[in-house]
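Participant: Mind folding the following:
(one chain, ligands or ions: 1)
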Amino acid sequence: MSKPVIIIGGGGHSKVLQDILKLINREIIGITEQSYEKEESNGIKIIGNDELIFKYKASEIELVNAIGSIPFTNKRKLIFTKFKENGYSFATIIHPSSIIASDTEFEEGVQIMAGVIVQPGTKVGYNTILNTKSSIDHDCKIGSHTHIAPGVTLSGNVTIEEDVHVGTSACIIQGVTIGRGTTIGAGSVVLKSISKNSKVVGNPAREVRK
Ligand SMILES: CC(=O)SCCNC(=O)CCNC(=O)[C@H](O)C(C)(C)COP(=O)(O)OP(=O)(O)OC[C@H]1O[C@@H](n2cnc3c(N)ncnc32)[C@H](O)[C@@H]1OP(=O)(O)O
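Facilitator: You can find the predicted model right below:
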């Protein structure tokens with residue numbers, strides 16, 4: 001049986017995850033927030049700040065990383081790393097409306113939102129988000145701590161390294177590699193590989209100042 005979960009963060013990304021957790025009947029202990037002024041979020045109790053998690057044995061719960069991921073921030077990664085180093089595990093959350101090829105490999109803490117399609121031969125790294133209605137075609141490799149934002153299309157054989165943000169509705173053609181730490185702007189059309197720590201926008205995607 002699945003362990004009960006604690007959700008870290010009570011913002012917009014959290015709302016979406018709460019909905020999935022309710023749909024898949026996961027028991028929710030509550031939400032932690034760094035500054036908790038409200039008592040609840042969507043009917044779920046805010047139980048305290050993140051340090052409260054240490055009152056629960058790592059073996060008895062799973063965590064849900066509900067810190068949203070926007071470009072040029074690393075809070076989501078820091079939360080994941082901190083609690084992993086202390087022996088805690090993160091739930092992998094998959095919306096029941098997603099279509100996932102049977103050989104897909106997900107590492108711990110991956111979050112798959114409504115309407116996502118993942119085709120065969122794909123691997124997705126730790127703590128990565130495949131957001132609403134994104135489409136991941138065959139043989140893609142997606143690194144850890146990466147955000148594939150809503151409506152993104154990855155063609156076949158695309159490699160996305162760690163810590164990448166692929167902005168809403170961007171398209172990436174087949175065989176391209178996106179280097180670690182890169183940000184792809186919303187709506188970009190990426191036709192060639194992009195080196196690490198770049199920021200690219202537009203159609204065709206071009207590098208802009210960091
Ligand atoms: C459920 C959810 O909500 S998940 C959230 C998903 N959100 C996203 O994916 C947002 C993606 N973010 C973007 O597209 C942002 O515009 C970024 C990250 C690419 C750029 O942000 P910044 O670093 O602040 O760059 P800035 O706004 O200064 O833009 C730099 C230049 O690029 C242009 N530019 C920025 N974004 C884009 C874009 N998506 N397409 C085309 N041009 C763009 C700007 O107009 C500007 O051009 P200029 O220098 O000629 O004036």
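Participant: Tell me who's in contact with residue 13.
Facilitator: Residue 13 sits next to 66, 67, 68, 69, 129 when contact means CB atoms under 8 Å, 6 or more residues apart in numbering. Placement of C-beta: from N, CA and C, glycine included.
Participant: So which of these are in strands?
Facilitator: Secondary structure from DSSP state E places residue 129 of those in strands.
Participant: just checking, residue 168 touches residue 187?
Facilitator: Yes: contact between residue 168 and residue 187 holds when scored by CB atoms under 8 Å: they sit 7.1 Å apart.
Participant: From the contact counts, what lies against the worst-scoring helix or strand of the chain on mean pLDDT?
Facilitator: Here the helix or strand of the chain ranked lowest by mean pLDDT, DSSP states H and E is strand 40-41, holding a mean of 82. Contact here means 3 or more CB pairs under 8 Å, 6 or more residues apart in numbering; DSSP states H and E; on that basis strand 40-41 packs against helix 12-23.
Participant: C-terminal to the helix it packs on, what's the next element?
Facilitator: Next helix or strand after helix 12-23 toward the C-terminus (DSSP states H and E): strand 28-32.
Participant: So what angle separates the directions of that following strand and helix 12-23?
Facilitator: Strand 28-32 and helix 12-23 are oriented at 180 degrees to each other (axes from the mean of the first three to the mean of the last three CA atoms, to 10 degrees).
Participant: which neighbours does strand 28-32 have in its sheet, and in what orientation?
Facilitator: strand 5-8 (parallel), strand 44-48 (parallel) (DSSP bridges).
Participant: what about it, distance to the chain center?
Facilitator: 19 Å (CA atoms, centre = their mean, to the nearest Å).
Participant: and that strand, average pLDDT?
Facilitator: Per-residue pLDDT values over strand 28-32 give a mean of 97.
Participant: what does the domain assignment say about this protein?
Facilitator: What the record gives for the chain is the domain set 5-91, 92-201, from the TED database.
Participant: which stretch in these has the least confidence?
Facilitator: domain 5-91 (a mean of 94).
Participant: first vs last residue of it, how far apart are they?
Facilitator: According to CA to CA, to the nearest Å, domain 5-91 extends 8 Å from its N-terminal end residue to its C-terminal end residue.
Participant: And that domain, how far out from the chain middle?
Facilitator: The chain centre lies 13 Å from the centre of domain 5-91; the measure is CA atoms, centre = their mean.
Participant: who in this structure is up against the ligand?
Facilitator: 70-71, 131, 149-150, 167-168, 183, 185-187, 199, 201-202, 208 (CB under 6 Å from any ligand atom).
Participant: what about the helices in this protein?
Facilitator: Counting by DSSP state H, the segments of the chain that form helices are 12-23, 75-85.
Participant: for these, which one sits closest to residue 125?
Facilitator: When the helices of the chain are compared for distance to residue 125 using CB to CB, the nearest one is helix 75-85, at 11.1 Å.
Participant: Which strands or helices does that closest one pack on?
Facilitator: strand 62-65.
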